[in-house]
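[1] next one to model:
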Amino acid sequence: MQIIKNKLNINFYEQFSYLACLPEDIINFKKTKPADILLFDIETTGIDYRFTHIYLIGAVCFHDNTGTSIQWFAESPEEELSILKGFLSFCSSYSYLLHYNGNRFDIPYLAKKCHYYQLTETLQKKTSIDLFFYLRPHKHLLKLPNLKQKTLESFLSVNRKDMFDGKDLISVYQAYCADFDSVKRDILLLHNYEDITGLMHILPLLTLCHLKYENLMVNDITENSYHTVDHLPKKELLVTLTSDCHLPFTITLSNDLYYMIRSNNTIKLRIIILEKELKHFFQQYKDYYYLPMEDMAIHKSVAVYADKSNRRKANASNCYVKKKGSFLPQPANGNPADYRLSYKDKQTYFVYDGKFIHNKAQFTEYVKSILRELYGKS
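    Residues are numbered from 1 along each chain as shown. Below is the predicted model of the structure:
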């Protein structure tokens, strides 16, 4: 068995501050010491613990704000028990285990190996911080093809020297056990080393967990006129906001009505102003008549004065009045607004008269509901 240690040039408090985005019942960052958290990752020759082996366990620990990586490497499958004992002894003093998808693979695999070797297993009693578990609900915000650790690192412009994945390295390890070639060993160690240090690099993505709790302040609102590629005149609201949630990366979200780009603590939002004739539908359509020539509905109390030949009982789809003007879209998670393009159209709008943007509290709530829609459906 080989044990390899390396000093890391990583500031614990700067990197781990992103853990503060997680609920306090998971980790109370203000009360957590660097020495309480252990990052780890394992390398195996397969998935089924009965027919495969652990050949490498890597960990990162912090003491006095200084990071150290430690790797337990089995030079043959027969040394599996030795590296397992070494890792279990080392991690016994840690309260938190931080990993990537370890709840589904690493921890259960280690637990089964402990049972096989009749070792006391305490890993499942520690507080587990699985980055994959917390980032999975926010995958759509990142617009990535998958949530593999390397994909996240690439998104954050983290450069890796390692060119292999775990499956590729099974044959490399088997070849190493036959010839003990140091080049093959270095390939194995590098992959694991960049996996455990990569955990530090993807921690900033945890800020996505804080978005639903963020506080916003509207800094600027501008009404802008422009022309489409078809030379049609259009209008929009351009809104700049400041958030107390600091994203150290950039995300963009959009649909037909809104476009948002945010980076650090600045959010820029574009809201389409619809200038058109829309319809307001009355819910109690049985109390109305529809006038085909005027293309509108009127209440029965008024319809008695209308020509009987130009009126008929209204139904749900024609019980409306029309209005021309400027409208703003109402987010789907807000209260339904007054106007729609058609009866079956689920998108609603409300009249925009320019005064709305000067009501700071109301407009801020409106913007929050737009962001909630974008975060939830983009």
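
[2] which residues of the chain fall in strands?
    Ranges of strands in the chain, per DSSP state E, are 2-8, 37-44, 54-63, 66-73, 96-99, 127-130, 216-227, 233-254, 258-281, 288-291, 296-299, 312-313, 320-330, 348-351.

[3] in the fourth one, what counts as buried?
    Of the residues in strand 66-73, 67, 69-73 count as buried by neighbour count, 16 or more other C-beta atoms under 10 Å. Backbone N, C-alpha and C define where each C-beta goes, glycine included.

[4] could the residues you listed go into TSV alongside pLDDT and distance to residue 277?
    Output for those, formatted as TSV (pLDDT from 0 to 100; distance: C-beta to C-beta, whole Å):
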residue	pLDDT	distance to residue 277
67	90	64
69	96	66
70	98	70
71	98	69
72	98	72
73	98	73
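
[5] between those, which is nearest residue 246?
    Residue 246 lies nearest to residue 67 out of the buried residues of strand 66-73, by C-beta to C-beta, at 22.5 Å.

[6] pLDDT weak spots in the protein?
    Low-confidence segments of the chain (pLDDT under 70): 12, 333-336, 377-378.

[7] which residue would you name as the spatial centre of it?
    Centroid check for the chain by C-alpha atoms, centre = their mean gives residue 138 as the closest residue, at 2.1 Å.

[8] tally of neighbours for residue 275?
    Residue 275 has 13 neighbours, counted by other C-beta atoms under 10 Å.

[9] ok, now how distant is it from residue 329?
    13 Å (C-beta to C-beta, to the nearest Å).

[10] ok, residue 373 next?
    10 Å.

[11] now do the shared contacts for these two.
    residue 258 (C-beta atoms under 8 Å, 6 or more residues apart in numbering).

[12] which helix runs longest in this structure?
    Across the chain, the longest stretch assigned as helix under DSSP state H is helix 182-202.

[13] could you pull out the buried residues of that one?
    For helix 182-202, the neighbour count (16+ other C-beta under 10 Å) marks 184-185, 187-202 as buried.

[14] could I get the CA-only coordinates of that helix as PDB?
    Extracted in PDB, the C-alpha atoms of helix 182-202 (Å, rounded to 0.1, in the frame of the first residue of the first chain):
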ATOM      1  CA  SER A 182       5.000   4.100 -12.500                       C
ATOM      2  CA  VAL A 183       3.500   5.900 -15.500                       C
ATOM      3  CA  LYS A 184       0.300   3.900 -15.100                       C
ATOM      4  CA  ARG A 185       0.300   4.500 -11.400                       C
ATOM      5  CA  ASP A 186       0.600   8.300 -12.000                       C
ATOM      6  CA  ILE A 187      -2.300   8.200 -14.400                       C
ATOM      7  CA  LEU A 188      -4.500   6.500 -11.700                       C
ATOM      8  CA  LEU A 189      -3.400   8.900  -9.000                       C
ATOM      9  CA  LEU A 190      -3.900  12.000 -11.200                       C
ATOM     10  CA  HIS A 191      -7.500  11.100 -12.000                       C
ATOM     11  CA  ASN A 192      -8.400  10.600  -8.300                       C
ATOM     12  CA  TYR A 193      -6.400  13.700  -7.200                       C
ATOM     13  CA  GLU A 194      -8.300  15.900  -9.700                       C
ATOM     14  CA  ASP A 195     -11.600  14.400  -8.600                       C
ATOM     15  CA  ILE A 196     -11.100  15.300  -5.000                       C
ATOM     16  CA  THR A 197      -9.600  18.700  -5.600                       C
ATOM     17  CA  GLY A 198     -12.300  19.300  -8.200                       C
ATOM     18  CA  LEU A 199     -14.900  19.100  -5.500                       C
ATOM     19  CA  MET A 200     -13.500  22.400  -4.200                       C
ATOM     20  CA  HIS A 201     -13.800  24.000  -7.600                       C
ATOM     21  CA  ILE A 202     -17.500  23.100  -8.100                       C
END
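
[15] got the contact list for the closest residue to residue 184 other than its chain neighbours?
    Leaving aside its chain neighbours, residue 184 sits nearest to residue 176 (4.1 Å; criterion: C-beta to C-beta, 6 or more residues apart in numbering). With contact set as C-beta under 8 Å, 6+ apart, residue 176 has these partners: 75, 184-185, 188.
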